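Chemist: Got a predicted model here, sequence first, then my questions.
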Amino acid sequence: MVIAGLAAAGYTTYAGNRVYQSLESGRRQLVAAQASMKAAAHSADPRLLAAAAAQLQHAERDFDDANRRSRDEPALRLVGGVPAAGRQIDASAHLAAIGADMSRAGEGAAAVAIQVAALKQKYAGRPLGADDLEAALEEAQAIARNYSASTRAIGEQLHAAHAERERVTTTDLIGPLRDAYDQVDRALVEADTAFLRYQDVRQVLADFLGVRLPA
């Protein structure tokens, strides 16, 4: 019985560590993607945006893995029956869900940013003749039409992330989880601000081209 108990404790520790590793990997990828997006905002380099998109996809997989393990691992489900431990495990699952939602929202934003960056590179640095301007307007309108659906999806993902966050009270969480939720709160504020600023891609493109896009 003692050996069996030690083995069970060891597996529980292993399962919990796997959840932590997936959460930490997702966090690193999400932070790296944010850095890539910020750098691309200044340089309009599609390669940075492509790197951000890949990092966001990696982050989404890591967070989904952490969420699945938090909810489905038998050892963690057993330990979750203890109230104090159960709150930590449940908070980890919600944290993973928030990370996945934010990653998916970022993927949508990166996809549009890649199109906008390509348009900037194509027409920046030279005066636009009548033919160039007409072609640029057509491309800008196509991006704006495509982005309208992306805007709704990004908004839904951010709403889902906020809904997950509201389900967690951090008072009784262990230090590292509390710190992680502090970071999440800051990231959500940043994501909301960026979404409000750039959801009108038509205006962003109009500012870039220096003309008013037809409705």
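Modeler: Nice, thanks for sending it over. Numbers count the residues shown, from 1 in each chain.
Chemist: next structured bit after the helix or strand hosting residue 121?
Modeler: Using DSSP states H and E, residue 121 maps to helix 83-123. Per DSSP H and E, the first helix or strand lying C-terminal to helix 83-123 is helix 130-166.
Chemist: between that next one and helix 83-123, what angle do the directions make?
Modeler: Between helix 130-166 and helix 83-123, the angle comes out at 180 degrees (axes from the mean of the first three to the mean of the last three C-alpha atoms, to 10 degrees).
Chemist: Against which helices or strands is the helix or strand following helix 130-166 packed?
Modeler: As assigned by DSSP H and E, the chain's next helix or strand after helix 130-166 is helix 175-198. Packing partners of helix 175-198 (3 or more C-beta pairs under 8 Å, 6 or more residues apart in numbering; DSSP states H and E): helix 2-43, helix 83-123, helix 130-166. Where you see a C-beta, it was placed from the backbone N, CA and C, and this is true even at glycine.
Chemist: Pick the most buried one from those.
Modeler: Most buried of the helices and strands packed on helix 175-198 by mean neighbour count (mean count of other C-beta atoms under 10 Å) is helix 83-123; its value is a mean of 21.
Chemist: Extract the residue ranges of the protein that are flagged as low pLDDT.
Modeler: For the chain, the stretches with pLDDT under 70 are 1-17, 44, 72-85, 123-130, 132-133, 197-215.
Chemist: How far away from the center of its chain is the helix holding residue 121?
Modeler: In terms of C-alpha atoms, centre = their mean, to the nearest Å, the centre of helix 83-123 is found 1 Å from the chain centre.
Chemist: so it versus helix 175-198, what angle?
Modeler: Computed by the same axes, to 10 degrees, the angle separating helix 83-123 from helix 175-198 equals 30 degrees.
Chemist: tell me the contacts of residue 194?
Modeler: Residues near residue 194 by C-beta atoms under 8 Å, 6 or more residues apart in numbering: residue 109.
Chemist: and the gap between it and residue 62?
Modeler: From residue 194 across to residue 62, the span is 22 Å (C-beta to C-beta, to the nearest Å).
Chemist: follow-up on the earlier one: please name whichever of the helices and strands packed on helix 175-198 is nearest to residue 175.
Modeler: Residue 175 sits nearest to helix 83-123 of all the helices and strands packed on helix 175-198, at 11.1 Å, using C-beta to C-beta.
Chemist: Check which helices and strands the closest one sits against.
Modeler: In this structure, helix 83-123 packs against helix 2-43, helix 46-72, helix 74-79, helix 130-166, helix 175-198, helix 201-209, with contacts taken as 3+ C-beta pairs under 8 Å, 6+ apart.
Chemist: possible to save these as a markdown table with distance to residue 101?
Modeler: Converted to a markdown table, the helices and strands packed on helix 83-123 look like this (distance: least, C-beta to C-beta, whole Å):
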| stretch | distance to residue 101 |
| --- | --- |
| helix 2-43 | 11 |
| helix 46-72 | 8 |
| helix 74-79 | 21 |
| helix 130-166 | 4 |
| helix 175-198 | 10 |
| helix 201-209 | 21 |
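Chemist: Great, nothing more from me.
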